[in-house]
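Undergrad: sequence unavailable; structure follows:
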């Protein structure tokens with residue numbers, strides 16, 4: 001197996017991306033989209049914003065042409081980063097770095113692990129030469145499709161404002177324009193090493209999304225899909241989001257488990273099925289979410305997890321008990337309760353709440369917490385959900401109980417609602433609005449209110465307009481997802497008087513659970529991120545081999561089984577005749593048939609072709625014992641003498657001469673034995689002796 005990490009990602013919204021070569025099949029693991037890069041662009045500018053930007057742009061260009069102090073000019077821009085420093089152009093999207101360096105036509109299979117991992121797929125499915133099979137769970141495919149359609153809908157406003165792109169190479173990607181940008185924005189566009197320009201592309205269209213989904217093959221959890229008869233692919237729930245999964249690949253000579261971001265306890269999605277990943281030859285650990293928990297390490301704090309001197313395998317029962325004793329789920333629950341209480345206090349004070357959160361599970365839980373709090377406080381505050389696909393999404397969530405956690409399924413069997421929002425919709429306390437300019441909204445709008453909308457980047461979607469309306473209101477509240485640079489995200493809306501609550505939501509395996517999980521899964525080899533080496537100190541004595549990988553590095557890993565399976569047809573198996581070689585302690589038999597591969601297993605069927613029905617000569621498998629051979633020949637009346645081989649480099653092991661009853665020459669080599677004599681009866685007799693000594697098959 002050859003493995004290459006294309007990108008370690010950037011949290012929940014940007015999962016990692018890898019390239020895998022397994023059994024000669026090139027597999028792309030996930031195809032996400034770096035939407036955090038939208039932060040470098042300006043949201044739709046107002047009439048007040050546009051004119052000063054154009055004037056300042058012209059003045060800067062003239063100053064640069066009429067002076068030789070370009071470096072001083074750049075230093076001045078670095079010190080005065082403001083809203084006019086952002087790029088006032090139609091935003092492009094940043095695809096996975098290093099993926100554009102690969103030949104798309106060489107990819108055989110694409111495996112999608114979550115709805116977020118499919119957002120970049122239309123970029124490659126629309127390319128000429130793409131012919132790979134795409135596998136994704138049914139729920140992830142539908143949720144991903146809705147997310148892509150909503151993204152296209154939100155982006156349409158910017159495309160309408162700026163007009164269609166006339167050039168395949170926009171002005172802001174030119175070197176002279178990039179040099180004018182502040183270093184923060186330049187790093188977003190070019191990357192830290194300045195090599196990520198090739199990943200920028202204009203956003204796909206609704207037609208591209210539709211065409212992409214048509215090329216997708218959907219699976220249920222634990223359902224087998226076989227590619228080219230060589231690799232069996234199965235998906236197992238990861239617990240992070242509805243439809244998210246981990247993968248197991250079974251080949252004829254080995255198997256691999258791919259462990260993406262996973263959550264042991266989920267309040268909405270089916271729980272993490274780690275038992276399906278047990279006992280593989282290799283395990284790719286691709287959950288980088290723990291990096292969010294180790295930010296203090298760079299400041300000198302020792303956050304490494306203590307380990308024992310020896311790491312022993314752990315049973316499923318012991319690991320389940322260890323997992324139940326964890327307080328991580330309680331912490332997430334308390335976090336949601338705190339956010340809900342902040343929202344209720346805000347609306348009580350006459351302010352509105354803006355929640356541009358794009359995590360489906362978090363939205364569903366927040367809706368339930370806020371609804372409970374509103375009922376307890378007897379407040380008649382409307383809740384709005386702005387999205388072009390919200391109505392479809394909420395309807396879809398009510399018909400997929402098999403993808404939900406056990407607690408949700410028990411609600412269904414008890415005759416209760418799967419989610420609390422259904423009751424709120426019936427009571428018309430939740431208003432689903434496709435667009436901010438919809439007539440329905442104008443007729444029912446009421447403040448203060450609580451609004452769920454997109455997009456978490458604060459560059460596209462309804463969040464931009466609502467934030468502009470409320471940013472000067474100190475009574476209002478913005479609940480912001482964890483973004484890389486919150487100051488830059490809020491830059492176009494400065495000065496901000498409204499309160500801002502930034503929340504970090506868990507989306508992966510906690511550091512303290514990594515080693516117990518690997519002890520339980522018991523793989524032979526673990527591919528582990530180099531970035532987590534300092535945080536996870538594996539002991540010297542452990543039941544598996546650990547190999548650390550980094551971005552853009554390709555290396556080969558052995559993941560072979562100790563033996564391979566061969567299925568033999570009944571008609572062929574009935575003719576098996578095994579011969580035991582006592583010296584070698586092995587049994588061997590000779591079969592003739594058609595060998596082929598199906599469902600990652602070798603199969604042998606009878607060969608019915610009459611051309612192949614010619615009788616076969618025996619094959620002898622043994623090393624010669626010259627003394628036994630002389631004694632056996634003597635018993636049948638053939639006197640022979642031994643002549644040792646003179647040339648040590650020759651393949652001839654020994655030469656025997658016979659005089660009585662007839663002259664004959666027996667030459668025994670490493671791969672053959674040759675009998676030369678003028679008498680056919682003597683030749684036949686010698687052949688039988690040699691056959692008995694060597695053992696023919």
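TA: Yes, it's here. Predicted model, so just to flag it, every value in this text is computed and none were measured.

Undergrad: residue 441 should be in a helix, yeah?
TA: Yes: counting by DSSP: H, G, I helix; E, B strand; the rest coil, residue 441 is found in a helix.

Undergrad: what about it, how many neighbours?
TA: Neighbour count for residue 441, taken as other CB atoms under 10 Å: 16. Every C-beta, even on glycine, is put in place using the N, C-alpha and C of the backbone.

Undergrad: got the contact list for the nearest residue to it once chain neighbours are set aside?
TA: Leaving out its chain neighbours, the residue that sits closest to residue 441 by CB to CB, 6 or more residues apart in numbering is residue 433, at 4.7 Å. With contact taken as CB atoms under 8 Å, 6 or more residues apart in numbering, residue 433 is in contact with 384-387, 390, 440-441.

Undergrad: would you confirm that residue 458 contacts residue 465?
TA: No: Residue 458 sits out of contact with residue 465 when judged by CB atoms under 8 Å, with a separation of 11.1 Å.

Undergrad: which one of these two has more residues nearby?
TA: The residue with more neighbours, out of residue 458 and residue 465, is residue 458; 26 against 16, by other CB under 10 Å.

Undergrad: tell me the secondary structure at the more buried one.
TA: Looking at residue 458 with three-state DSSP, the answer is coil.

Undergrad: OK, contacts around it?
TA: With CB under 8 Å, 6+ apart, residue 458 has these contacts: 39, 43, 356, 464, 467, 480, 489-490, 492-493.

Undergrad: helices - which of those residues land there?
TA: 464, 467, 489 (DSSP state H).

Undergrad: please tabulate these in TSV, including the columns distance to residue 230.
TA: Converted to TSV, the ones in helices among the contacts of residue 458 look like this (distance: CB to CB, whole Å):
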residue	distance to residue 230
464	49
467	52
489	46
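
Undergrad: out of those, who has the most neighbours?
TA: That'd be residue 464 among these, by other CB under 10 Å, with 24 neighbours.

Undergrad: quick one: pLDDT of it?
TA: If you check residue 464, the pLDDT there is 94.

Undergrad: with residue 446 instead?
TA: Per-residue confidence (pLDDT) for residue 446: 91.

Undergrad: and the gap between the residue nearest to it when sequence neighbours are not counted and residue 352?
TA: Take residue 446 and drop its neighbours on the chain: the residue closest to it by CB to CB, 6+ apart is residue 382, 5.2 Å away. Using CB to CB, to the nearest Å, one gets 10 Å for the distance from residue 382 to residue 352.

Undergrad: chain neighbours aside, what residue packs nearest to residue 283?
TA: Once flanking residues are discounted, residue 283 sits nearest to residue 523: 3.8 Å by CB to CB, 6+ apart.

Undergrad: for residue 107, same thing?
TA: Nearest non-adjacent residue to residue 107, counting by CB to CB, 6+ apart: residue 132, 4.5 Å away.

Undergrad: neighbours of the one you found, just the number please.
TA: Counted with other CB under 10 Å, the neighbours of residue 132 add up to 21.

Undergrad: isn't it right next to residue 110, touching?
TA: Yes: using CB under 8 Å as the test, residue 132 is close enough to residue 110 to be in contact (5.1 Å).

Undergrad: now do the shared contacts for the two.
TA: Counting by CB under 8 Å, 6+ apart, the residues touching both residue 132 and residue 110 are residue 28.

Undergrad: for residue 526, list each beta-bridge partner.
TA: Residue 526 forms beta bridges with residue 283, residue 546, as assigned by DSSP bridges.

Undergrad: where exactly do the helices run in the stretch 351-500 of the chain?
TA: 360-377, 390-397, 406-413, 421-426, 439-444, 462-470, 486-489 (DSSP state H, counting those that start in this stretch).

Undergrad: so which of those gets nearest residue 666?
TA: Residue 666 lies closest to helix 406-413 among the helices of the stretch 351-500 of the chain, at 75.4 Å (CB to CB).

Undergrad: give me the mean pLDDT for the top strand by length along the chain.
TA: Criterion DSSP state E: the longest strand present in the chain is strand 652-660. In this model, strand 652-660 has a mean pLDDT of 77.

Undergrad: please apply the same query to stretch 375-392.
TA: Mean predicted confidence for stretch 375-392 is 89.

Undergrad: buried residues, that stretch. List them.
TA: Of the residues in stretch 375-392, 381-390, 392 count as buried by neighbour count, 16 or more other CB atoms under 10 Å.

Undergrad: tilt between the helix ranked longest in the chain and helix 360-377?
TA: If you go by DSSP H, the chain has its longest helix at helix 138-162. Inter-element angle recorded for helix 138-162 and helix 360-377: 90 degrees (by axes from the mean of the first three to the mean of the last three CA atoms, to 10 degrees).

Undergrad: secondary structure class of residue 604, three-state.
TA: Per three-state DSSP, residue 604 ends up strand.

Undergrad: state the distance from it to residue 254.
TA: 21 Å.

Undergrad: neighbour-wise, which of the two wins?
TA: Under the neighbour definition other CB under 10 Å, residue 604 and residue 254 were set side by side, and residue 254 has more, 23 against 17.

Undergrad: show me the contacts for the closest residue to residue 471 other than its chain neighbours.
TA: Counting by CB to CB, 6+ apart, residue 471 lies nearest to residue 493, which is 4.4 Å off, once chain neighbours are set aside. Contact analysis of residue 493 by CB under 8 Å, 6+ apart lists 458, 467-468, 471.

Undergrad: how about the residues you listed in CSV, adding distance to residue 339 and pLDDT?
TA: What follows is the contacts of residue 493, written out as CSV (distance: CB to CB, whole Å; pLDDT from 0 to 100):
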residue, distance to residue 339, pLDDT
458, 18, 94
467, 18, 94
468, 23, 93
471, 20, 93
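
Undergrad: want to throw those residues into CSV with distance to residue 98?
TA: What follows is the contacts of residue 493, written out as CSV (distance: CB to CB, whole Å):
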residue, distance to residue 98
458, 28
467, 34
468, 37
471, 38
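
Undergrad: return the member of those nearest to residue 668.
TA: Here the nearest of the contacts of residue 493 to residue 668, counting by CB to CB, is residue 458; it sits at 83.9 Å.

Undergrad: and that closest one, how far is that from residue 467?
TA: 6 Å.

Undergrad: equivalent analysis for residue 214, please.
TA: For residue 214, the distance to residue 467 (CB to CB) stands at 37 Å.

Undergrad: ok, residue 132 next?
TA: Distance from residue 132 to residue 467, by CB to CB: 40 Å.

Undergrad: same check on residue 384?
TA: Here residue 384 is placed at a distance of 14 Å from residue 467 (CB to CB).

Undergrad: ditto for residue 663
TA: 106 Å.

Undergrad: please apply the same query to residue 638.
TA: 103 Å.

Undergrad: do me a favour and get the end-to-end distance for stretch 224-241?
TA: Terminal residues of stretch 224-241 are spaced 21 Å apart (CA to CA, to the nearest Å).

Undergrad: so for that stretch, what's the average pLDDT?
TA: Taken as a whole, stretch 224-241 has a mean pLDDT of 93.

Undergrad: what about the strands in the stretch 251-400 of the chain?
TA: With DSSP state E, counting those that start in this stretch, the ranges of strands along the stretch 251-400 of the chain come out as 255-259, 282-285, 353-355, 383-386.

Undergrad: can you redo the ones you listed as JSON lines with distance to residue 414?
TA: Shown next, in JSON lines, are those (distance: least, CB to CB, whole Å):
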{"stretch": "strand 255-259", "distance to residue 414": "34"}
{"stretch": "strand 282-285", "distance to residue 414": "38"}
{"stretch": "strand 353-355", "distance to residue 414": "30"}
{"stretch": "strand 383-386", "distance to residue 414": "26"}
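
Undergrad: many thanks, I have nothing further to ask.
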